[in-house]
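[1] Sequence and predicted structure are below.
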Amino acid sequence: MAEEFVAKRLTPIAVPKVETKNRRIVTPQPPPQAIPLLEELSRYEPVSMTWDQLPVVWDKAEGHTVSDAWGNRWIDFTSGIFVTNTGHAHPRVLAAMRGMIDGKLVHSYYFPTAVRAKLTRLLVEAAPKISGIEKAFLLTTGSETTECALKLCRLRGRKRSPTKLKMVAWTNSFHGKTMGSQTMAGRAGAKAWIGSLDPNIHHLPFPYPWDADGKLSGAERFEKDMKALLATGIDAQDVAGFLMEPYQGWAALFYPKDYVQAVRAWADKHDALVCFDEVQSGFGRTGKMFAHEHFGVKGDIICCGKGISSGVPLSAVLSRSEILDVDPSLNSTHSGNPLCAAAGVATLEVLKDEGLAERAAALEPKVRERLLAIQKRFPNVVGHVFGHGLLWGLLLKGAKTGEFDVALGDRVTEAAINKGLLLIRTGVGSIKLGPPLTIAEDALFEGIDVIEEALAECLAPAAR
């Protein structure tokens with residue numbers, strides 16, 4: 001099966017040429033010249049690395065565009081999966097990294113450096129004031145931060161009671177790919193490899209608007225589902241913490257505001273922590289520096305990554321001193337790596353100086369209006385439009401309520417890429433939009449036009 005799939009992807013297909021200010025497609029897709037490289041990757045890498053996404057061979061990425069070596073150029077609606085919020089290769093980020101390289105400081109273990117001190121201060125200053133964040137623990141990947149949140153909740157919980165170890169997360173959430181993070185994530189199939197799951201990690205159903213309880217308020221849904229969880233024999237005082245993404249990434253679907261406020265109130269009543277996984281959602285993406293600011297509640301622990309550094313491996317756990325200053329093992333070989341820290345400092349400065357969160361918020365109404373117009377044109381296909389800032393999801397209707405058309409999502413993604421718009425293949429029947437926050441307005445709406453064109457093309461009788 002995998003061999004057939006790879007063989008299909010290795011066959012160049014002639015596509016119409018495209019030439020606009022922001023897009024250029026001049027070869028078959030994938031380009032014939034790319035086939036030797038793709039064959040080499042297929043030989044030496046797991047198939048998941050090469051073929052989970054469509055075979056666009058990146059050669060250069062700058063601003064809101066991605067180019068290959070054979071003359072093709074795409075508008076990027078992925079930001080490298082929400083990493084390059086400041087745009088690809090932002091000059092200030094490149095200059096900061098170049099300065100560190102020229103200064104011959106690219107690794108320091110976790111001995112002190114000036115750049116690490118500056119980055120941790122800027123992160124604390126950028127955090128929502130309501131949360132009282134005092135410190136930042138630097139790591140490398142998003143999965144490390146959610147693993148750390150689990151550890152911190154349990155360390156704090158055990159000081160209060162030996163049994164205060166339970167963590168609560170949500171179905172269909174995503175928190176990373178390491179054992180602890182994947183156990184807390186809510187996709188059952190993704191953690192089948194683990195075998196014996198942690199009996200102290202529990203899940204509540206995500207409050208989808210199309211579910212049977214969709215007419216209840218957010219607060220009512222949380223109270224109902226939490227009551228059902230406790231009825232399985234869990235003592236409320238044994239809950240150490242909650243881990244939640246502000247929105248489900250595959251759909252750009254936020255929790256109801258009063259739902260999150262109810263979680264916060266319950267946690268305060270029962271001395272539990274609320275951890276927000278902001279790895280995908282942070283750093284201006286949704287029109288706020290951190291997406292959980294939309295809910296008006298504090299986060300005890302904030303997990304950061306992706307957009308923190310504009311493309312190099314860096315992540316962070318933000319919290320109060322009483323939560324972070326508990327364990328001498330909170331360190332890492334690459335914690336605050338000077339090259340990555342320099343990129344992080346420059347990224348935070350660019351986000352602030354260029355007002356990128358505010359820009360995303362200002363563009364939100366225009367993007368929503370345009371996407372709702374697409375839904376209006378294809379009401380039998382586009383079931384939902386969700387999003388904030390420059391994060392959006394179009395959910396393509398499946399056969400039943402709550403099911404989505406995976407095959408159509410894949411076809412639209414491929415058609416868009418063949419037209420010069422780079423999209424993420426979600427594999428769940430959604431079209432996901434996440435352009436750099438610096439994207440030119442004409443490129444932004446040209447890209448949305450391409451999505452509409454791709455939908456129309458894939459729905460045409462000849463394409464079925």
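    Noted; the coordinates are in hand. Numbers count the residues shown, from 1 in each chain.

[2] ranges for the helices of the stretch 1-150 of the chain?
    Listed in chain order, the helices of the stretch 1-150 of the chain (DSSP state H, counting those that start in this stretch) span 2-9, 35-44, 47-51, 79-82, 91-102, 114-126, 142-160.

[3] cool, and the stretch 251-400 of the chain?
    For the stretch 251-400 of the chain, applying DSSP H, counting those that start in this stretch gives helices covering 257-269, 321-324, 338-353, 356-377.

[4] End to end on stretch 19-34, go ahead and measure it.
    21 Å (Cα to Cα, to the nearest Å).

[5] next one: stretch 78-86
    Between the opening and closing residues of stretch 78-86 lies a distance of 12 Å (Cα to Cα).

[6] buried sites along it?
    By neighbour count with 16 or more other Cβ atoms under 10 Å, stretch 78-86 contains the buried residues 78-80, 82-86. (Glycine included, C-beta is placed from N, CA and C.)

[7] Report the contact partners of the spatially most central residue of the chain.
    Centroid-nearest residue in the chain, with Cα atoms, centre = their mean: residue 280, separated by 2.7 Å. Residue 280 is in contact with 81-82, 142, 245, 249, 305-306, counting by Cβ atoms under 8 Å, 6 or more residues apart in numbering.

[8] where exactly do the strands run in the stretch 101-250 of the chain?
    With strands called from DSSP state E, counting those that start in this stretch, the stretch 101-250 of the chain shows them at 135-139, 166-170, 201-204, 239-244, 247-248.

[9] Could you point out which of those sits nearest residue 301?
    Across the strands of the stretch 101-250 of the chain, the minimum distance to residue 301, taken as Cβ to Cβ, is reached by strand 239-244, at 7.6 Å.

[10] any idea of the mean pLDDT for the closest one?
    For strand 239-244, the per-residue pLDDT values average out at 98.

[11] Who does it pair with, and is each partner parallel or antiparallel?
    In the sheet, strand 239-244 lines up against strand 166-170 (parallel), strand 273-277 (parallel) (DSSP bridges).

[12] Residue 230 and residue 246: what is the separation?
    Relative to residue 246, residue 230 is positioned 24 Å away (criterion: Cβ to Cβ, to the nearest Å).

[13] Kindly report the same for residue 291.
    Here the distance between residue 291 and residue 246 works out to 4 Å (Cβ to Cβ).

[14] Likewise for residue 360?
    Using Cβ to Cβ, one gets 14 Å for the distance from residue 360 to residue 246.

[15] do the same with residue 209
    If you measure residue 209 against residue 246 using Cβ to Cβ, the figure is 16 Å.

[16] When the two are compared, which one has more neighbours?
    When neighbours are counted by other Cβ atoms under 10 Å, residue 209 and residue 246 differ, and residue 246 comes out ahead with 26 against 12.

[17] isn't the more buried one right next to residue 292, touching?
    Yes: with contact taken as Cβ atoms under 8 Å, residue 246 and residue 292 are classed as touching, separated by 4.8 Å.

[18] which neighbours do those two share?
    By the contact definition Cβ under 8 Å, 6+ apart, residue 246 and residue 292 are jointly contacted by 260, 276, 278, 281.

[19] tell me the domain ranges of the chain?
    91-353, 360-385 (automatic domain parsing).

[20] which parts of the shortest one are buried?
    It refers to domain 360-385. Within domain 360-385, the residues scored as buried using 16+ other Cβ under 10 Å are 360-361, 363-364, 367, 370-371, 374, 378, 381-385.

[21] Could you work out the most separated pair of these?
    361 and 381 (28.7 Å).

[22] can you list the weak-confidence ranges in the stretch 351-464 of the chain?
    Low-confidence segments of the stretch 351-464 of the chain, defined by pLDDT under 70, are located at 462-464.

[23] and with 90 instead?
    460-464 (pLDDT under 90).

[24] what about the closest residue to residue 73 other than its chain neighbours, neighbour count?
    Computed as Cβ to Cβ, 6 or more residues apart in numbering, the closest residue to residue 73 that is not its neighbour in sequence is residue 24, at 4.2 Å. By other Cβ under 10 Å, the residues close to residue 24 number 17.

[25] these two touch, right, residue 24 and residue 75?
    No: with contact defined as Cβ under 8 Å, residue 24 does not reach residue 75; the gap is 10.3 Å.

[26] any residues in contact with both of these two?
    residue 420.

[27] neighbours of the nearest residue to residue 122 once chain neighbours are set aside, just the number please.
    Excluding the flanking residues, the one nearest residue 122 by Cβ to Cβ, 6+ apart is residue 348, at 4.6 Å. Residues lying near residue 348 (other Cβ under 10 Å) number 23.
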